[in-house]
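# Sequence first, then the predicted structure:
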Amino acid sequence: MNSVILDLNNPKPLTTQEEFQKYLDSIAAQQSETPNPSIPSIVDSSSLLWNYRFIETFKYGLALKKLRTALPQGNAFHPLVSGLPRPLTTKETLLSRIEDFNTSHNPDGTERSLKDRKRLFLKYFYTCTGIHYNPDTDKFMIIPCCDRLITLNFSFSEEFVDVPYGTLSGIELDLTQVEHGVSLSKQKVLQHKGWLALFEEDSTLLRAYADIVFSLRERHLMVFKLRDQTNITSPELRAVCVSSEDSFAYGIGQLYDRVCFLLKSPSSSQKILGGAK
């Protein structure tokens with residue numbers, strides 16, 4: 001199978017819980033001062049350096065293998081399972097977009113262009129967040145960090161995983177109470193139960209993300225796309241994926257399709273801290 005691993009130099013996100021909370025507080029403060037900015041105010045994290053890499057190949061299982069091969073010893077920057085990197089959750093993936101977009105300067109002090117700040121919005125990403133459908137009902141479940149997907153066999157080549165509904169723990173939602181398949185206004189996004197579930201009920205982070213998305217595009221944004229329940233005959237477990245600049249959330253992804261994971265790794269100057277090669 002063909003695969004692609006691309007290195008993208010620049011910035012790293014916040015490294016401690018205290019820095020992260022300060023970052024979110026600063027976003028909230030700026031929002032109260034400028035409630036409707038055309039371009040969100042920048043939270044300058046230019047002193048923090050990341051490398052972002054794309055792990056891209058056909059089939060979710062093979063992408064898992066490529067992810068682990070890319071950093072066989074793991075690192076202190078990317079989430080790990082048993083010492084090996086796992087796919088990011090939807091929340092972690094979209095947080096990376098926020099952090100990178102809000103980094104205004106390169107490590108050398110030069111200002112980053114809007115195009116460069118948008119770079120993570122120009123790629124689709126699969127995640128380890130699961131969406132589990134209950135056949136013959138209107139119920140489905142969002143599983144923020146799905147172990148069943150993380151431990152998928154590398155040779156798996158089916159469209160979805162057939163797992164009995166109710167055996168996985170997550171946030172259960174009702175199809176009839178979640179607007180789906182249509183473009184959403186920013187206000188609807190902020191109140192949307194599905195989007196809130198993908199952000200693990202972190203409404204502050206969802207607002208920060210929506211502010212950026214709605215500053216970059218004018219319409220047809222942040223659609224929450226679900227399977228047509230009438231076509232579901234077994235309890236389907238799929239991986240949530242997010243599209244590029246329009247930022248659709250897809251609960252219809254096929255696990256044998258082309259998959260792209262976002263990998264976080266330290267820069268060359270920080271490899272000694274992270275242990276990455």
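That came through, no problem.
# Please make it C-alpha for all contacts and neighbour counts, starting now.
Will do.
# For the stretch 101-250 of the chain, which segments count as helices?
For the stretch 101-250 of the chain, the helices defined by DSSP state H, counting those that start in this stretch occupy 114-117, 147-150, 186-191, 193-198, 203-216.
# Which among those is found nearest to residue 71?
Nearest to residue 71 among the helices of the stretch 101-250 of the chain is helix 147-150 (15.6 Å), distances taken as CA to CA.
# who does the closest one touch, helix- and strand-wise?
In terms of contacts (3 or more CA pairs under 8 Å, 6 or more residues apart in numbering; DSSP states H and E), helix 147-150 is packed against strand 125-133.
# hmm, who's touching the strand it packs on?
Contacts of strand 125-133 with the rest of the structure, by CA atoms under 8 Å, 6 or more residues apart in numbering, involve 86-90, 93, 139-147, 149-150, 165, 198, 232, 235-243, 251, 259-262.
# give me that answer again for 7 Å
By CA atoms under 7 Å, 6 or more residues apart in numbering, the list of residues contacting strand 125-133 from outside reads 87-90, 139-146, 149-150, 235-243, 251, 259-262.
# Name the nearest residue to residue 149, sequence neighbours excluded.
Counting by CA to CA, 6 or more residues apart in numbering, residue 149 lies nearest to residue 128, which is 6.1 Å off, once chain neighbours are set aside.
# What count of nearby residues applies to that neighbour?
27 (other CA atoms under 10 Å).
# nearest residue to residue 194 other than its sequence neighbours?
residue 178 is the one closest to residue 194 (CA to CA, 6+ apart), at 6.6 Å.
# Determine which stretch of the helices of the stretch 101-250 of the chain is the most buried.
Most buried of the helices of the stretch 101-250 of the chain, by mean neighbour count (mean count of other CA atoms under 10 Å): helix 193-198, with a mean of 22.
# Return the residues in contact with residue 64.
residue 154.
# Equivalent analysis for residue 182, please.
By CA under 7 Å, 6+ apart, the neighbours of residue 182 are residue 223.
# repeat for residue 142
Applying CA under 7 Å, 6+ apart, we find residue 142 in contact with 130, 131, 132, 170, 171, 172, 197.
# for residue 227, same thing?
Counting by CA under 7 Å, 6+ apart, residue 227 has contacts 251, 252.
# Over to residue 134?
Applying CA under 7 Å, 6+ apart to residue 134 gives the contacts 140, 165, 235.
# Select from the residues you listed the one having the most neighbours.
Highest neighbour count within those: residue 140, with 25 neighbours (other CA under 10 Å).
# correct me, but it touches residue 173?
Yes. Counting by CA atoms under 7 Å, residue 140 does reach residue 173; the two are 5.5 Å apart.
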